[in-house]
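Fold the following for me, if possible:
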Amino acid sequence: MARRGGTSEGPATGARSVLLTLAAGQFLMALDSSVMNVSIATVADDVGTTVTGIQGAITAYTLVMAMFMIPGGKVGALIGRKRAFMIGCVVYGCGSLTTALAPNLPVLLLGWSFLEGIGAALIMPAIVALVAGNFATERRAAAYGIVAAAGAVAIALGPLIGGVATTYFSWRWVFAGEVLVVLVILVFARRIADAVGEERPRIDLVGVVLSALGLGIFVYGVLRSDEWGWFRPKPDAPSWLGVSMVVWTMLVGLLLVWLFLRWEAWLAVRGREPLVDPAMLRNRQLTGGLTMFFFQYLVQMGVFFVVPLYLSIALGLSALATGARILPLSLTLLAAALLIPRFLPDISPRQVVRLGVLALLAGALALMAALDADAGAEIVTVPLLLIGLGMGALASQLGSVTVSAVPDSKSAEVGGIQNAVTNLGASIGTALAGSLLIAALTASFLSSVEQNAAIPAEVKNKAAVELQSGVPFLSDAQLSAALDDAGTSPEVTQAALDANAAARLDGLRAALAVLALSSVLALFFTPRIPSTQPGSPRS
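Sure, this is the predicted structure:
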């Protein structure tokens, strides 16, 4: 068990330094998920590739993290959480430096997708374990809240940071800045307390392969849903037996995960060391916390997908203005994550989690109601304040709920599973929001075009054929330019612009509706969250 006395009971400055170091690590890991989304085209031109190539690099980064989170947690148990954290930082820093200097796509893939992904798989599970080892039970909720809030704020600030860097400097400065942050983290990480257990666990190599392949293939299928179609294959997309390959890859991934769980149970029965103790997955409190993490990240990443699209495409805001409009979310997120544990230390985690989920639901519904053709950017402010409040409330409780469900010696393994689950939630949330948005937009646009007598029949037929392959989310300026290039009349152009504006709103509402539905589903799992705080006399 990690030593607690040095930091949890020592001077406040020491505890604050440790917490800020771990929060900085979490911030850095989350930043890469959103910082380059506004600069994809610029990065593609700079390294001599296409937008698809850069999107593939982002996808590969997500895949590497998803595949190696669970093994990364076991490595922390094997060599020590602090050592795993510092080694992960070094690997991540090397990846950031490689990315900053990348002359072409293969080098970018090596640095950004592989090295940074491996570094993140070591760092993120270690952070969960190091919070458990450096803070007493009654202080963990606040510590986990700050760490989780740092990650969410990074996702919210990512577009703003990326927009500033790309507009005034270069996207490469973002990754160069990450190297400097890593160096600072390594300096302050020396104050973090850690202890390696007397028993050295063995690495279950078969489990590593099965879990990595299962999670990787499943996530890959989810990430390809926009291009291939969820069930019915899009034109020219791969399929088997008339069904999209997304279904088959997800099924293969689930089958491998099932084999992984059966293998782990077989090892445990024979007294051997499994990668994941099957008994942990029968723990009601742990599985409840993991389920809520899944729904939180599903809704969270769906929101971070939908809202920037509305601001930047529908309203035409710049990357900087889009980032500024998302900032209110960070304010209530930080306030809830910091203040709930401080002023309500004995409040029921179940009650806070339920209120947090209801705030997410209220935010999604408020945004759906506010969307209108004449609405401006100000309509996102109140919904984002509500969503930030919900995210902060969840962040203030869930980390402590999952780790307190098992002995401290298992905290690194819990960290690996927890981060694998959040990766799954984030991937599915983004894919679901994107797929439903495009599907609703396509159906709405086609319906408007079919009903408009000003649009010639040949244009309607061409639109129907092209939309079957998946219409992009176009701004009015982009659509107008495309129609001008096609030589359409002013009447047809205006009719198409009107149809596009209405279809965009329908698509956004559909995406928000599935996020609201996910919030409602999450409420059914809240009874698994304990009603008393870990370490309280009633628990």
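
how about the residue most central in space within the chain, what does it touch?
Nearest residue to the geometric centre of the chain (C-alpha atoms, centre = their mean): Ala426, 3.8 Å. Residues in contact with Ala426 (C-beta atoms under 8 Å, 6 or more residues apart in numbering) are Ser33, Thr62, Tyr297, Leu298, Gln300, Met301. C-beta coordinates here come from the backbone N, C-alpha and C atoms, glycine included.

Return the member of these nearest to Ala336.
Ranked by distance to Ala336 (C-beta to C-beta), the contacts of Ala426 are led by Gln300 at 13.6 Å.

who touches the nearest residue to the closest one once chain neighbours are set aside in this structure?
Leaving aside its chain neighbours, Gln300 sits nearest to Met391 (5.9 Å; criterion: C-beta to C-beta, 6 or more residues apart in numbering). Applying C-beta under 8 Å, 6+ apart, one finds that Met391 lies in contact with Ala152, Gln296, Gln300, Leu329, Leu333, Ala336, Gly356, Leu360.

can you list the residues you listed in TSV and add distance to Phe525?
TSV is the format used below for these (distance: C-beta to C-beta, whole Å):
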residue	distance to Phe525
Ala152	20
Gln296	11
Gln300	16
Leu329	24
Leu333	22
Ala336	20
Gly356	13
Leu360	14
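
can you put the residues you listed in TSV and add secondary structure?
Converted to TSV, those look like this (DSSP: H, G, I helix; E, B strand; the rest coil):
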residue	secondary structure
Ala152	helix
Gln296	helix
Gln300	helix
Leu329	helix
Leu333	helix
Ala336	helix
Gly356	helix
Leu360	helix
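
Tell me the one of those residues nearest Ala23?
The closest of the contacts of Met391 to Ala23 turns out to be Ala152 (C-beta to C-beta; 11.2 Å).

count of residues packed around the closest one?
26 (other C-beta atoms under 10 Å).

OK, contacts around it?
Neighbours of Ala152 in contact, by C-beta under 8 Å, 6+ apart: Ala30, Gln300, Ser330, Leu333, Met391, Gly392, Ala395.

ok so, going back, looking at the contacts of Met391, spot the one nearest Gly56.
Gln300 (23.5 Å).

hang on, isn't the closest one packed against Gly429?
Yes - look at Gln300 against Gly429 with C-beta atoms under 8 Å: they come within range, at 7.0 Å.

circling back: for the residue nearest to Gln300, give its distance to Val147.
Per C-beta to C-beta, to the nearest Å, Met391 is found 13 Å from Val147.

try Ala370
Taking C-beta to C-beta, one finds Ala370 at 32 Å from Val147.

Counting neighbours, go ahead and name the busier of the two.
Taking other C-beta under 10 Å, Ala370 and Val147 do not tie; Val147 has more neighbours (24 against 14).

That one and Arg140, how far apart?
From Val147 to Arg140 the distance is 10 Å (C-beta to C-beta).

what is in contact with those two at once?
Val131, Gly399.

so who does Leu122 touch?
Counting by C-beta under 8 Å, 6+ apart, Leu122 has contacts Gly72, Val75, Gly76, Ala84, Phe85, Ile87, Gly88, Val91.

go with 7 Å
Leu122 makes contact with Gly72, Val75, Ala84, Ile87, Gly88, Val91, according to C-beta atoms under 7 Å, 6 or more residues apart in numbering.

ok so it is a helix residue?
Yes - counting by three-state DSSP, Leu122 is part of a helix.

How many residues are close by the closest residue to it other than its chain neighbours?
Among residues not flanking Leu122 along the chain, Gly88 sits closest, at 3.0 Å (C-beta to C-beta, 6+ apart). Neighbour count of Gly88, defined by other C-beta under 10 Å: 26.

Over to the one 4 residues further on?
Using other C-beta under 10 Å, Tyr92 has 28 neighbouring residues.

my guess is it meets Val182, correct?
Yes - here Tyr92 lies in contact with Val182, judged by C-beta atoms under 7 Å, at a distance of 6.2 Å.

For the helix or strand where Gly25 lies, name the packing helices and strands.
Element membership for Gly25 (DSSP states H and E) is helix 12-31. Judged by 3 or more C-beta pairs under 7 Å, 6 or more residues apart in numbering; DSSP states H and E, helix 12-31 is in contact with helix 5-8, helix 116-134, helix 137-168, helix 172-188.

winner for burial among those helices?
helix 116-134 (a mean of 29; mean count of other C-beta atoms under 10 Å).
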